[in-house]
Structures are given as structure tokens and as C-alpha cells.
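Enquirer: the following comprises the amino acid sequence and a computationally predicted model.
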Amino acid sequence: MQRDFGWIGRRDLVRLLGAGGAALAAGMPARVHAQARRDTLVIGIDISDTITFDPARESQYSAPMTLQAAYDGLLQVTPDDYNTPKPALASAWTRTPDGKGWRFTLRPGVRFASGNPMTADDVKWSFDRCINLKDQPSQYIWNIAAVTIVDPATVDILLHQPDEPILSILTSTNFAVLDRKTVEAQGGTAAADASTADKATPWLNQHSAGTGAYTLSGWVRNAQIQLRRNPHDWRGGGGFARIVIRHLSDSAAQLLAIRRGDIDVACNLIPEQVASLNGAAGVRVERLTSLDFVYMAVTADPAFNKALSVQAARQAIGWAIDYDGIRDNLLGGAAVRPATFLPIGTRGSTAAIAQQIGFHQDLDRARALLKQAGMPDGFEFAISYGDAAVSGLSYALLAQKLQSDLARVGIRVTLNPMDQVNMRTQYTTGKSTAVLTFWNPPNTPEEELWAGATVERVAKRLHQALPDSLVKLVHQAASESDPARQEQLWIDYQKAMVEDANLFVLFQPVYQFAVRDTVKALPLTAAGPQVELSGAEPG
């Protein structure tokens, strides 16, 4: 079927955006070339992990960039302040009269991309659907007891535990407000049996039903994502007529494409490639310390690996890894490292605290722990990882570095590369011995989402038997109102996680994106999407 992408035909679009983007360098009509560069933002990034654009089902690394462009939630955070929720589809909020939840006043005059008006009914339906789908995002809002409609412009969100955080969590695009009429017409349902009855996800993977600055107009896995400006955007519309996110997994290909002008933004360059752009005409580098991190998770189940079920053996892994070498040699210094699952920049997590309580390379200590575990000659285990890259570093190269580090104390590592999606599926279903993977905030820097995951769903994946006291500690820290006391509780949590030694955070990257001068503004954000496409502006 011939699809229309404005006045540029499908064949011209393929030439414009195809492998290597060579059409931009030669052969394109001047009018197409000039119009495309003015109206279209082209981003090169590894999107191999993307499996859905259904907000209530999404839990991967690269998809939030698209979701943030196409959807809005009740609240949002901005790159200048991740700790203070700000108005989005809700213009105001206050505690409910009984103190058991929050009352939200909806922004007037908002329309979905379809043109349908956004009402309280859409808000309630979207939350009910997310909860009843029972996919991973529903776990982030376990504390929601009910969403009720007060009037067409007002909703109450009632909580099981009123003192635990919810406002910061609601800034995630997982909790976007969807156009009920449109999604129901595509088989969507918010009923109690939504986990089996809802059929809207395939449609949402190719279209969007939100109020964002852009609308999703197509996705081909491991190829590209296409977005169009939403004419009904309540902010006044995105800066570009269209956005194309091209899958470029190889950093060298991204470097070539940014130099030639085939893409406007390169997201996965390695440090040497970033340095090579110093003084390059028409290209600048935008930097921001992320709240993402890359980590290794190892099982505690003897059925997978007997040695890894021994705490001292797992601790030996932690003390054998050359974290500074990963940061300085593989990432060119463009990273920091927290002690565990609270990234630096969140409450209770600083570089000084990480240095004090986190792992660092100490080979003698690692060897002593192996003797304590009854394994003086070490042991063997396999690490699975995806055929992908993060912050310009391939998981394959990182795995080789770990293999070399651990070999120094007699721990023998087998490398098991696989498709990124298959690896994540294996891991999330609790079938992995050890994995290298990422963690990124679901668009919101809420400490409870990181810490709560480690004592709940991640613990289940790794078959850990964590003490009830640790689970209680997480909930106590999340609900603590005194800032100093809360910070100490989060430090206590981190100490316990380091002691347990099932999760090893390897680095927290500093984003280094190459941007052509065809883009005047490209707001980076550490809160999930990496780039806030709604705020991007042409040069």
C-alpha cells in the first residue's frame, strides 16, 4: 500500500531515510533536500530493545523518547527540576477532603490527536486499563486504590497508603491519558479482564492516542519510528513537522551519518568519536548526567548456578570488578557510579556515599571471599547480554571487560550474546543466570520505584529470599517525611543491597549527543526519555 507522508512520496522518503541516508548527500532534488532538513528532525539511536508503544505495557530503554513526544500524563517533571512535579494535563491538585488521596483539576480545552476532547472519563479509563492490564507499569502504581470522577473536569486518585509517594510517579508517560473512544474502537478495554481481553496494543504500536506534541505514524522494528506534529497539541505544536528516529546500532555509522548531515542527532557515540567532533563545522555536543545505569544481575538460585547461591561468592564478584577502568577506559570518563540501585543525584546517593559503602576493585578481598565460600580456585558462570549498545558502549565489549576482570581471581565467565529483546524476556521471566542490562527511570526520578523494584519484581527474577526487614525499610524510607531521616534510610537500604550482592551497578552514563546546527534546541532529560522531543526546535 502506498502511504502518504505529506508531499514527499514513499519512495522519496525511503531514499531520504534509508540505510546510510546517502540520498541526503547526493541525488535528492534540491527542494526535497531543503524541505526535509527544515521540517524533519532525524535522530540516530539504537532502538533494538523497543517492543511496544502502548504506554501501559512499555518498560524498555529507548521507547520513552517516543512516548514522551506522543502522550501526556496528569503531571510532568522538567530537566531543570526532577524533584518537583509540574502541571501537564492537570492544572492543579490538592489532597482529597478525607486525606486519603489527591484531587486533580484537569486543564481545560485539551483535545486528543483525534480531535476528541479530553475529560475525566478518559483519565479514569486510562488508569483502570493500566491497572487491569497487569503489565509491568501497573506495578509502579500498586498504591492506587481507586480513581473516581468528581465531575467532567475533576478526578480523585485514592491510595492504599496515603503517605507513600504518588505525585512523582504520575509524571511517567506509562500513566499517560489515552483517548478512550479511539482506543476502545481498536479493541481496548479497561475492564477487570483487560489482561486477556484488551486487543489495542498492535494498533498502539503503529499509532498513538494521546495529547502530545506529536503523533506516532509508523514503526518498523530495528528500522525506524515516524512521528508527525499533532495539530491539536495544547502547547501549540511541536517545532518540527515530522520526526524520524532511525535505528543505527553501530556508533561508527552514527558518526558518519552526523558528519554527512544524514541525521541531526547521534545518541550512541563512544568517547573517541565524540572527541573527534571537536571543531567540526556545524556540529556540537550536548551533555547531561543521566539517571540511567547499566548493571549486572546474578541469580541466587542454586538450580541455575550453585556457586552464585553463596553470598560470599557473589560478593567476590563485586570486589573483583575494575569499575574505574570501565569508566575511564571504556567510557572516556563520561560516567559516574552509584553504590547500588539509587543513581547519584537521588536522595541518599552521592559520589561520596558510593565511595564509602559501594564496591571497588580489591582483588585480595575478592580472593579471601572465595576461600570463605569454599571456592579458593574460583567458579564458573555465564553472562547473557543483548546485541546492542548503551551510551556508545556495546554490551559485548563490557562483557569482555568483566570476563577479564573476574578471571584475575579465578572466576571463569562464559559470554552468551543474544538478541536484546530475547535477553530481556529471559531476564524478566526469571530464567537467567546472570545478565548485563540497563535500568532507566520510567520518566520519573522517584526513589521508591528503583528500590521497590529490587525487593519485589527484580528479587523474584533472581530468586532471592530477601528479609522482610529490607522490604519494610524501603517502604519506610519512601513514606518518611523528614528529609534527613529519609536520606539516612536510603543509605541503610544501599548498604543492605551491597551486602546482599545480587546487583552490581557498573556505571551511570553521562549523555553525550552530537547535534547538528540544524537543531536550535534539543532538551536532554535524565528522567527517562533522554530527549524531550516536544521541546526540540529547528535552527
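Expert: Alright, I've got the coordinates. From a predicted model like this one, the values you see are computed outputs, not experimental measurements.
Enquirer: what's F507 in contact with, if anything?
Expert: Residues near F507 by Cβ atoms under 8 Å, 6 or more residues apart in numbering: F293, V294, Y323, I326, R327, L331, A335, V336, R337, S391. Where C-beta positions appear, they are placed from N, C-alpha and C, glycine not excepted.
Enquirer: pLDDT for those residues - can I get that in a markdown table?
Expert: Listed next are the contacts of F507 as a markdown table, based on pLDDT from 0 to 100:
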| residue | pLDDT |
| --- | --- |
| F293 | 93 |
| V294 | 96 |
| Y323 | 98 |
| I326 | 97 |
| R327 | 95 |
| L331 | 93 |
| A335 | 95 |
| V336 | 95 |
| R337 | 96 |
| S391 | 81 |
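Enquirer: give me the subset of those lying in strands.
Expert: Among these, the ones falling in strands (DSSP state E) are F293, V294, A335, V336.
Enquirer: redo those residues as TSV? Include neighbour count.
Expert: Output for the ones in strands among the contacts of F507, formatted as TSV (neighbours: other Cβ atoms under 10 Å):
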residue	neighbour count
F293	25
V294	26
A335	23
V336	20
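Enquirer: among the residues you listed, which pair sits farthest apart?
Expert: Greatest spatial distance in these: V294 and V336, 12.0 Å, computed using Cβ to Cβ.
Enquirer: now the strands: where do they sit in the stretch 151-300 of the chain?
Expert: 154-159, 214-220, 224-229, 242-247, 265-266, 283-289, 293-298 (DSSP state E, counting those that start in this stretch).
Enquirer: pLDDT weak spots in the chain?
Expert: Per-residue confidence for the chain (pLDDT under 70) gives these ranges: 1-37, 441-444.
Enquirer: the top strand by length along it: how far from the chain's middle?
Expert: Scanning the chain for the strand with the most residues, using DSSP E, yields strand 503-516. Centroid displacement of strand 503-516 relative to its chain, using Cα atoms, centre = their mean, to the nearest Å, is 12 Å.
Enquirer: what of stretch 468-481?
Expert: Computed by Cα atoms, centre = their mean, the chain-centroid distance of stretch 468-481 equals 24 Å.
Enquirer: what are the buried residues along that stretch?
Expert: Neighbour-count burial for stretch 468-481 flags L470, V471, L473, V474, H475, A477, A478, E480 (criterion: 16 or more other Cβ atoms under 10 Å).
Enquirer: in its sheet, what does the helix or strand just after the longest strand of the chain sit against?
Expert: Later in the chain than strand 503-516, the nearest helix or strand by DSSP states H and E is strand 519-521. Paired strands of strand 519-521, with direction, are strand 537-538 (antiparallel) (DSSP bridges).
Enquirer: what's the spacing between the partner strand and its chain's center?
Expert: 24 Å.
Enquirer: quick one: contacts of that strand?
Expert: Under the criterion Cβ under 8 Å, 6+ apart, residues R38, D39, L41, G239, F240, T518, V519, K520, A521 lie in contact with strand 537-538.
Enquirer: report the buried members of the residues you listed.
Expert: Neighbour-count burial (16+ other Cβ under 10 Å) applied to those gives D39, L41, G239, F240, T518, V519.
Enquirer: find the residue closest to the first one in space, skipping its chain neighbours.
Expert: Distances taken as Cβ to Cβ, 6 or more residues apart in numbering place A241 nearest to D39, at 3.9 Å, with adjacent residues excluded.
Enquirer: for the one you found, what are its contacts?
Expert: Contact partners of A241, counting by Cβ under 8 Å, 6+ apart, are G6, D39, T40, R228, R229.
Enquirer: format those as TSV; extra columns: distance to L369.
Expert: Compiled in TSV, the contacts of A241 are given as follows (distance: Cβ to Cβ, whole Å):
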residue	distance to L369
G6	62
D39	59
T40	55
R228	56
R229	57
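Enquirer: give me the buried subset of these.
Expert: Buried, going by 16+ other Cβ under 10 Å: D39, T40, R228, R229, out of these.
Enquirer: can I assume the second one is in contact with I245?
Expert: No - judged on Cβ atoms under 8 Å, T40 makes no contact with I245 at a distance of 11.3 Å.
Enquirer: for the stretch 101-250 of the chain, just list every one of the helices.
Expert: Under the criterion DSSP state H, counting those that start in this stretch, the stretch 101-250 of the chain carries helices at the ranges 120-133, 136-140, 180-185, 194-197, 201-204.
Enquirer: give the buried residues for stretch 527-539.
Expert: A527, G528, P529, Q530, V531, E532, L533, S534, G535, A536, P538.
Enquirer: what's the answer for stretch 42-50, then?
Expert: V42, I43, G44, I45, D46, I47, S48, D49, T50.
Enquirer: what do you get for stretch 173-189?
Expert: 173-180, 182-184, 188-189.
Enquirer: which of those residues lies closest to A280?
Expert: T173 (33.5 Å).
Enquirer: now do the same contact list for the closest one.
Expert: Taking Cβ under 8 Å, 6+ apart, we find T173 in contact with P55, E58, P64, L67, Q68, Y71, D72, G73, P442, N443, G528, P529.
Enquirer: picking that back up, make CSV out of the contacts of F507 and add distance to S309.
Expert: Formatted as CSV, the contacts of F507 follow (distance: Cβ to Cβ, whole Å):
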residue, distance to S309
F293, 25
V294, 24
Y323, 24
I326, 26
R327, 30
L331, 32
A335, 31
V336, 31
R337, 26
S391, 32
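Enquirer: which SS class is the residue lying closest to D324 once chain neighbours are set aside?
Expert: Nearest residue to D324, sequence neighbours excluded (Cβ to Cβ, 6+ apart): Q361, at 7.1 Å. When classified by DSSP: H, G, I helix; E, B strand; the rest coil, Q361 comes out as coil.
Enquirer: what does the one 5 residues further on give?
Expert: Here A366 is helix, with the state taken from three-state DSSP.
Enquirer: what about it, neighbour count?
Expert: The local packing of A366 (other Cβ atoms under 10 Å) involves 25 other residues.
Enquirer: just the strands of the stretch 151-300 of the chain: most buried one?
Expert: Comparing the strands of the stretch 151-300 of the chain by mean neighbour count (mean count of other Cβ atoms under 10 Å), strand 265-266 comes out on top with a mean of 27.
Enquirer: what residues does the strand or helix carrying R424 touch?
Expert: With secondary structure defined by DSSP H and E, R424 is part of helix 420-428. Residues outside helix 420-428 that contact it (Cβ under 8 Å, 6+ apart): 48-49, 51, 60, 136, 297, 384-388, 418, 432, 435, 437, 461.
Enquirer: one more time with 6 Å, if that's ok
Expert: Applying Cβ atoms under 6 Å, 6 or more residues apart in numbering, the external contacts of helix 420-428 come out as S48, D49, I51, S384, G386, A388, S432, V435.
Enquirer: roughly how far out does that helix sit from the chain middle?
Expert: Relative to its parent chain, helix 420-428 has a centroid offset of 15 Å by Cα atoms, centre = their mean.
Enquirer: partners of the helix or strand following it, with directions?
Expert: As assigned by DSSP H and E, the chain's next helix or strand after helix 420-428 is strand 434-439. Note on strand 434-439: by DSSP bridges, its sheet partners are strand 293-298 (antiparallel), strand 380-386 (parallel).
Enquirer: list the buried residues in strand 434-439.
Expert: A434, V435, L436, T437, F438, W439.
Enquirer: equivalent analysis for stretch 100-118, please.
Expert: Applying a neighbour-count criterion of 16+ other Cβ under 10 Å, one finds 100-107, 110-114, 116, 118 buried in stretch 100-118.
Enquirer: and for stretch 122-136?
Expert: Of the residues in stretch 122-136, 122-133, 135-136 count as buried by neighbour count, 16+ other Cβ under 10 Å.
Enquirer: what about that stretch, distance to the chain center?
Expert: From the chain centre to the centre of stretch 122-136 is a distance of 20 Å (Cα atoms, centre = their mean).
Enquirer: thinking again about what came up before, which one of the buried residues of stretch 173-189 is nearest to P202?
Expert: G188 (10.9 Å).
Enquirer: so that closest one sits against P202, correct?
Expert: No - the pair G188 / P202 is not scored as a contact, 10.9 Å apart, by Cβ atoms under 6 Å.
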